[in-house]
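A.B. asks: Coordinates for the following, if possible.
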Amino acid sequence: MCEIAADFYEEFFRKTDNIVRPHAYDDAPWTDFENKKELIPEGGCQGGILTSTVFIIYHADIPDFLSWCSSHFFAGDLTAILAGQTRVKYTQQCLDLEKKLKLFFDQLEYYSRLTVQPINYSKTEGIWSARAIGSAPFEIESGENKINWIKEFKYLGYWISSKLRWGNMIKKSMLKIRQRLAMIN
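C.D. replies: As a prediction, the model looks like this:
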């Protein structure tokens, strides 16, 4: 700090009129209640519009945070899509995706800590989609939590399989129709 500024501040704080003192709290109104020691409940109403809207607004920055993958929200759920490289050998694609998944879960864990929104690992699943036959040749882990591979899942009313075909959706719809017809007869 230059000498002129040091002299100014030294002189400024010597004058008692320049010092602002906080208001005395001894004349504050008396209160006749105590705070309850109740925990604030977590979560919100399932199926409610407010809960899902607040979730989406609160996490609206996740596409910027995880910009290298595609992320989709619906209600309180997050779906992320990671793509492998094209025009490389299958083993190289697997190694690349394994690295991307590790990075994805590390960044998602970091994001969840920043937003104080823990990841529900009991609902976290992965689906492997490739032209090659077989399932994913590696395990997914996030910290100490193992992520299970699945063959299909339901998202927004549609059954999505690992081969991205409509056969499963048609079979499940036919089964539902047969069950409803059986209830009528």
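
A.B. asks: Now the helix or strand harbouring Asn148: buried residues?
C.D. replies: Taking DSSP states H and E as the definition, Asn148 sits inside strand 145-150. Within strand 145-150, no residue is scored as buried using 16 or more other C-beta atoms under 10 Å. All C-beta atoms are positioned from the backbone trio N, CA, C, and that covers glycine.

A.B. asks: again, but for stretch 125-142
C.D. replies: For stretch 125-142, using 16+ other C-beta under 10 Å, the buried residues are 126-128, 136, 140, 142.

A.B. asks: do the same with stretch 101-117
C.D. replies: 101, 104-105, 108, 111.

A.B. asks: farthest-separated two in those?
C.D. replies: For those, the maximum inter-member distance is 15.2 Å, found between Leu101 and Tyr111 (C-beta to C-beta).

A.B. asks: Now do the residue nearest to Leu97 when sequence neighbours are not counted against Glu38, distance only.
C.D. replies: Spatially, and ignoring its direct neighbours in sequence, Leu97 is nearest to Gly84 (4.7 Å; C-beta to C-beta, 6 or more residues apart in numbering). Going from Gly84 to Glu38 by C-beta to C-beta, to the nearest Å gives 49 Å.

A.B. asks: between these two, who's got more neighbours?
C.D. replies: Neighbour totals were compared for Gly84 and Glu38, and Gly84 leads with 16 against 6 (other C-beta atoms under 10 Å).

A.B. asks: my hunch is that the more buried one is in a helix, does that hold up?
C.D. replies: No. The assignment for Gly84, made by DSSP: H, G, I helix; E, B strand; the rest coil, is coil rather than a helix.

A.B. asks: In terms of secondary structure, what does the helix or strand bottoming out on mean pLDDT in the chain contact?
C.D. replies: Within the chain, no helix or strand scores below helix 49-58, which has a mean of 74 by mean pLDDT, DSSP states H and E. If you count contacts as 3 or more C-beta pairs under 8 Å, 6 or more residues apart in numbering; DSSP states H and E, helix 49-58 packs onto strand 70-74.

A.B. asks: Quick one: mean pLDDT over the strand it packs on.
C.D. replies: For strand 70-74, the mean per-residue pLDDT is 77.
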